[in-house]
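[1] Fold the following, please.
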Amino acid sequence: MQINPGKNPSRLRLVLLAIVLFALGAGSVGLIGRLRPHGDDTVSADLARAGIDPARRVAFEELVHAYILDHPEILPEAMDKLQAREAAARLKPVRAAVESPFPGAILGNPAGTVTMVEFSDYSCTYCRGSVADINALVAANPDLKVVLRELPIIAPASEPAAKMALAAAAQGKFGAYHAAMFAGERPDDASIAAAATTAGLDLTSARAYAARAEVQQEIEHNLAFARQLGVSGTPAFTIGGQIISGAVGKDKLQAAVDAARKGVTPA
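    Predicted coordinates:
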């Protein structure tokens with residue numbers, strides 16, 4: 001994300017004041033979450049309640065402003081970290097539920113001690129491109145459990161493909177269907193049936209299962225999780241306490257797995 005001070009001065013002011021408050025000490029950190037770019041009067045009142053007088057504010061703002069002009073590269077970095085912390089805060093109350101899979105919709109070690117969740121869509125080109133990365137992670141990390149959450153948001157055929165995946169999970173053949181679906185053509189009736197056949201599904205049973213209410217409920221749950229977490233595209237991952245959006249590559253995912261194994265959420 002790039003911040004243009006000329007187009008978004010209130011956003012810049014909020015960043016500046018956040019840095020100022022950190023400089024003033026940990027006792028002021030709690031105020032940062034209450035600051036909102038609703039106008040200078042509101043911000044001044046918040047600062048006054050924190051015991052920061054106008055003279056100190058001006059001095060710190062001038063100092064920070066000069067530093068940022070000399071080092072503008074810190075703004076995207078600061079915003080990235082802020083967004084990561086906000087995402088972690090959204091994930092925390094629902095993490096256990098997000099990591100609880102639809103029965104059978106798992107890759108890797110079902111009893112793994114490190115859990116990675118992937119929100120995926122069979123119509124997603126980037127999800128298709130990430131398959132090799134996920135397979136490599138599973139091979140390199142025998143303690144890794146990958147929970148797949150079907151998020152059919154890209155094309156009309158995404159939903160029937162996702163429902164067939166859940167039917168495959170019920171037959172214990174999720175991994176085979178998942179691999180066949182991404183190895184084949186983009187989702188349509190023919191490619192879904194072909195992937196199901198390749199995976200060895202009982203098609204009659206699978207189609208009946210895909211029409212069940214609990215399958216539709218699972219899709220709706222995943223859509224609700226995505227909204228709550230701020231996930232607007234696929235692939236998206238949760239690993240430990242962090243959310244990672246996009247096809248970021250094996251190395252970044254491995255770093256997140258390593259951090260989760262140590263119980264560390266990157267700052």
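
[2] And residue 151, how far from residue 217?
    As defined by C-beta to C-beta, to the nearest Å, residue 151 lies at a distance of 14 Å from residue 217. Backbone N, C-alpha and C define where each C-beta goes, glycine included.

[3] Tell me which of the two has more neighbours.
    A count of neighbours by other C-beta atoms under 10 Å puts residue 151 above the other of residue 151 and residue 217, at 24 against 11.

[4] Provide the secondary structure category for the closest residue in space to the more buried one that isn't next to it in sequence.
    Counting by C-beta to C-beta, 6 or more residues apart in numbering, residue 119 is the residue found nearest to residue 151 once chain neighbours are left out, at 4.3 Å. When the structure is reduced to helix, strand and coil (DSSP: H, G, I helix; E, B strand; the rest coil), residue 119 reads as strand.

[5] I am assuming residue 119 contacts residue 153, so please confirm or correct that.
    No. Contact criterion C-beta atoms under 8 Å: residue 119 and residue 153 do not qualify, at 9.1 Å.

[6] Which residue ranges of the stretch 1-150 of the chain form helices?
    9-24, 29-32, 40-49, 54-70, 74-91, 95-98, 125-140 (DSSP state H, counting those that start in this stretch).

[7] Any idea which of these has the lowest pLDDT on average?
    Mean pLDDT values for the helices of the stretch 1-150 of the chain show the minimum at helix 29-32, a mean of 42.

[8] residues touching the closest residue to residue 126 other than its chain neighbours, list them.
    Using C-beta to C-beta, 6+ apart and skipping the chain neighbours, the partner closest in space to residue 126 is residue 247 (4.1 Å). The contact partners of residue 247, by C-beta atoms under 8 Å, 6 or more residues apart in numbering, come to 126, 127, 129, 130, 133, 235.

[9] who touches both of residue 119 and residue 153?
    When contacts are counted by C-beta under 8 Å, 6+ apart, residue 119 and residue 153 are jointly contacted by 226, 234.

[10] pLDDT wise, what is the residue nearest to residue 126 at?
    pLDDT recorded at residue 247 is 95.

[11] before we move on, what about the one 10 residues further on?
    In the predicted model, residue 257 carries a pLDDT score of 97.

[12] so it is in which element?
    helix 250-261 (DSSP states H and E).

[13] tell me which strands and helices that helix is in contact with?
    Helices and strands touching helix 250-261, by 3 or more C-beta pairs under 8 Å, 6 or more residues apart in numbering; DSSP states H and E, are strand 114-120, helix 125-140, strand 236-239, strand 242-245.
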